[in-house]
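> Structure, please.
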Amino acid sequence: MTTVDIHLQLLDRQVLDRDGLLVCKVDDIELHEGPDGVPFVTAILVGPRASGPRLGGRLGRWVTALASRLAESPGDTPPRIPFGRVTAVHSAVDVDRTRAELAVDPLEGWVERHVIGRLPGSGHAS
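Okay, here's the model as predicted:
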């Protein structure tokens, strides 16, 4: 078992997919308690629904509520990357899937469909 300083080595680090492309950043983590009572990381949580509670106060509640309202799937559960997908932790966090396979940025998809896609000239022919 490897010991990781969560605050120093995980939180706010960039997540890179298997091709080395930026996926997101680590906004929070999910912990579970092991049978020996020692907590372990089970998932990386991403997006405003994960970062809102870390902000705290009125701003944090507002960010979380807005992100929940705009999310494709209802609820307060932020998108997550199972920690088993992590292949390395260094200046970034490497995972074994592509950005598309992880699908952890539903807000980006919503903005693409409902905002950018409605702008004149946003589509282009090949």
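
> contacting residues around the one residue sitting closest to the centre of the chain?
In the chain, the centroid-proximal residue (C-alpha atoms, centre = their mean) is Val46; its distance is 1.8 Å. When contacts are counted by C-beta atoms under 8 Å, 6 or more residues apart in numbering, Val46 is found next to Val15, Cys24, Lys25, Val26, Asp27, Pro78, Pro79, Arg80, Ile81, Val104, Asp105. Every C-beta, even on glycine, is put in place using the N, C-alpha and C of the backbone.

> Which stretches in this structure count as helices?
Remark: helices assigned in the chain by DSSP state H are 6-9, 48-55, 57-70, 99-102, 106-114.

> what's the offset of the longest one from the middle of its chain?
The offset between the C-alpha centroid of helix 57-70 and the centroid of the whole chain comes to 15 Å, using C-alpha atoms, centre = their mean, to the nearest Å.

> that older thread, mark which of the contacts of Val46 are part of strands, please.
Within the contacts of Val46, residues falling in strands by DSSP state E are Val15, Cys24, Lys25, Arg80, Ile81.

> out of those, which is most surrounded?
Using other C-beta atoms under 10 Å as the neighbour definition, these reach their maximum at Val15, which records 24 neighbours.

> what about Ser51, how many neighbours?
Per other C-beta under 10 Å, the neighbour tally for Ser51 reads 21.

> wait, what's in contact with it?
With contacts taken as C-beta under 8 Å, 6+ apart, Ser51 has the following neighbours: Asp27, Asp28, Val63.

> wait, which of these is closest to Leu10?
Asp28 (9.4 Å; C-beta to C-beta).

> doesn't Leu11 make contact with the closest one?
Yes. If you go by C-beta atoms under 8 Å, Asp28 and Leu11 touch, sitting 7.3 Å apart.

> Show me which of these two is the more surrounded one.
When neighbours are counted by other C-beta under 10 Å, Asp28 comes out ahead of the other of Asp28 and Leu11, with 22 against 16.
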